[in-house]
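Q: Only the shape, not the letters, is given here:
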């Protein structure tokens, strides 16, 4: 008997496919095209790829892993995708709240940035933001800030995926005197991070009202030259819409389209004040929308017409926006939950958006927004292995009737237990493996004191 | 020298006032009338009372405590007050989401309750809810459900403060065939929990549209006979408002006032659809409003005119509502954050409500709503010692510029570290001291499976 067993084991060992990891859990939410949820599911990973998805029994039978992680109380899900943020602004978290937008910018954010921004400041601020995001289950972030090469270095050091663009803006900033400087910087940055496994270098003109038409056209040309995505704020506020209407007799969307800014992969953040003609343009040009529920609500920007966008087939992802007053954290669990609540309450329809839709926006559709749908956004064989486990054994996680609605409405970023990006574990049992948490918190507190002094 | 020190110590020991506890932290948010925030603050507690509030230096000089808890990275704040929930419904957390209100009630909640409700079910469901609330910094809850004597027993066992009322409703329920049964039950329950240090027994007619006028009047008479608060749902949905207008040519508020229901301490949950005349009535009668942002948003009920209520002097507290679809958790940190966001976005004014206002609603004004403002809601000498500590040393908590806005916009229920109710520690370092967490989670999961089977 024992000999037969040994023989069987030998045959299986020879026949089984090798894998680096098998992760298994109580449920596996695939977010594949059918939105399959597998009870007792498992995923096999080899190198940076997912090589198998199925029940634990099926995966165990097929693969021989070097290591395994079993979370019998956990939900496995695709890593969450943040389609719009300014991570280093976490150093300004809560520096000014409950003030007017003008005071917030002119009395706090601009002075704080002009007096403190440096490569080191951005390095530590991004580390703080990346740490918060990874611990909360976000595996990809989309960033627009300054010293973006440093942001890219931090992403790589942390093992996090990023679509990252240097902000191009029509006034002097810490690392550029003119937009031309920023465009030159962007070109060398695009060359440096070409074909990086984790970093997608992007071109990021700030907005239509902060850049000349020439700069916007040059940004599009640069993006197309390097086949890079273009990141831009679009129609965030009523004022932006009204100002462009007064100036050009066109909405920001129409004006950007007239400048050919949408002629190539574009990620448009916000799109709150968009009419039906604008939506038709966004759809026709294949523009992806980064929807930021917390920021749009807290700053009183308005409620983006997300259900209509989705019904038209426009890719809509979720973003946190920056954590310096627009939002005060980088938490996609809260964005999923709030996305539904904002739509429901603003339409007085309790079925305006569903948990399923919110999770889709945070995963599969976020990938579409970024043009990365072939690589990330779902747990499917052949895709990059960006996977999280979320615990369901805390009081807010029981009982568990429906893993998708539990993820969106009941579980929290703090329930994320393990995170893998590109096949590599970066969070294990709630602790970061690639970043020095204590050092980051200490340095962030120091920068906080420096900022406070600079504003006195 | 040493002799002088010993002498000094002896004199101090004799002179110092005794205390059971000194809790100290980086900041102490008092929520007193001046909303003082004390850097390096401390609170001394003796028995069930706060006996001293000041800087750590002042408190250390004045009191000799039996035990002390120092949280140099923590914020001390008044325990949070949940002014409206149905705690035992946590056993139905997520049983049905993203369905119409009719389907939610008729296909899920009513069948699930009619097939499963029992004293034991309510006991374990309330334990689950109380556990989640205590771990998240809520020290007082306001509950309307069935078998409310069991809810009161759980509150006492957990060491949590509760304003608790048996739901009186015009159809047969698990523990009453008629409203008359519920009224009888309520009277004996009021007698049993009279003068309890933690439980305030209340009278809780469900709503105007689910009770006869006679029942509502009888409920008010009973509340007045025992000087008990009356809890009731008021103008939650447009339908409720429209139905009463059609039936009585009066709004629900006007109709309840005509029935004299507001003639005595009243906690009105929701008050979403209220006009200026309704608000004048609520103010004139001293009615407290329990505002439930998550529930009102998720169920698409609407946005209550909170800033207007506050400007008129109406006491407005925060509530989670039940966690079975109206909300899927019992998390007052999320309610504070969402209260601001809902007001800002619905008015397009980023200063519609502030962090300060949100924290006031969750503490000081919550106490006013319940008629407990002399006892709880702030950290002041003479009040009952309901105190929490919240850690600020996780990535979402740094840097720390303003402890109040950090509490509301950046910190989470999961950052709560210690909780004291009525002078007694009930949570220490994130672990419940009075409840068996593992057993509660196991039993809750079992009840979840039972509910699932019953709905098949």
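A: Sure, I can see it. The structure presented is a predicted model; accordingly, all values stated were derived computationally and were not measured.

Q: Next, count neighbours for residue A:277.
A: Neighbourhood size, residue A:277 [other C-beta atoms under 10 Å in any protein chain shown]: 11. From N, CA and C alone the C-beta is placed, and that goes for glycine too.

Q: Show me where the stretch 1-150 of chain A dips below the pLDDT cut-off.
A: Across the stretch 1-150 of chain A, residues meeting the criterion (pLDDT under 70) sit at A:1-2, A:5, A:7-14.

Q: Quick one: name the residues of it near chain B.
A: For the stretch 1-150 of chain A, the residues in contact with chain B (C-beta under 8 Å from any C-beta of the partner chain) are A:90-91, A:93-101, A:128, A:131-132, A:135.

Q: which of those residues sit farthest apart?
A: Using C-beta to C-beta, the pair of the residues of the stretch 1-150 of chain A next to chain B lying farthest apart is A:100 and A:135, separated by 32.8 Å.

Q: Tell me which of the two has more neighbours.
A: The neighbour count for residue A:100 versus residue A:135, taken as other C-beta under 10 Å, is higher for residue A:135 (25 against 13).

Q: Pull the contacting residues for that one.
A: With contact set as C-beta atoms under 8 Å, 6 or more residues apart in numbering or on different chains, residue A:135 has these partners: A:413, A:416, A:419, A:427, A:430, A:432, B:395.

Q: 10 Å instead, please
A: Applying C-beta atoms under 10 Å, 6 or more residues apart in numbering or on different chains to residue A:135 gives the contacts A:330-331, A:413-414, A:416-417, A:419, A:426-427, A:430-432, A:435, A:437, B:394-396.

Q: before we move on, what about residue A:356?
A: A:31, A:35, A:340, A:402, A:404, A:405, A:407, A:408, B:97, B:98.

Q: So which of those residues is the closest to residue A:260?
A: For those, the closest approach to residue A:260 (C-beta to C-beta) belongs to residue A:31, at 33.5 Å.

Q: which residues touch the nearest residue to that closest one once chain neighbours are set aside?
A: Excluding its sequence neighbours, the residue lying closest to residue A:31 (C-beta to C-beta, 6 or more residues apart in numbering or on different chains) is residue A:378, at 4.2 Å. Contacts were defined as C-beta under 10 Å, 6+ apart; by that measure residue A:378 touches A:29-33, A:35-36, A:50, A:53, A:77-78, A:360, A:363-364, A:367, A:386.

Q: Would you quantify the distance from residue A:378 to chain B?
A: With the distance defined as C-beta to the nearest C-beta, to the nearest Å, residue A:378 ends up 21 Å from chain B.

Q: got a pLDDT number for that residue?
A: Residue A:378 is assigned 98 on the pLDDT scale.

Q: now residue A:170
A: For residue A:170, the predicted pLDDT is 95.

Q: and it, which of the three is it?
A: Secondary structure state of residue A:170, per DSSP: H, G, I helix; E, B strand; the rest coil, is coil.

Q: Would you confirm that it contacts residue A:210?
A: Yes - counting by C-beta atoms under 10 Å, residue A:170 touches residue A:210, with 5.2 Å between them.

Q: Name the helix or strand for residue A:141, please.
A: According to DSSP states H and E, residue A:141 maps onto strand A:138-145.

Q: Correction: the previous question concerned residue A:72.
A: Residue A:72 is located in strand A:63-78, with elements delineated by DSSP H and E.

Q: still on that earlier bit, tell me which of the residues of the stretch 1-150 of chain A next to chain B fall in strands.
A: Secondary structure from DSSP state E places none of these in strands.

Q: ok, of those residues, which come out buried?
A: A:90-91, A:93-99, A:101, A:128, A:131-132, A:135 (16 or more other C-beta atoms under 10 Å in any protein chain shown).

Q: For those, give me TSV that also has distance to residue A:321.
A: Putting those into TSV (distance: C-beta to C-beta, whole Å) gives the following:
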residue	distance to residue A:321
A:90	12
A:91	15
A:93	12
A:94	14
A:95	15
A:96	15
A:97	14
A:98	17
A:99	17
A:101	13
A:128	16
A:131	18
A:132	14
A:135	19
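
Q: I'd like to know which of the residues you listed is nearest to residue A:21.
A: Closest approach to residue A:21 among those (C-beta to C-beta): residue A:135, at 19.7 Å.
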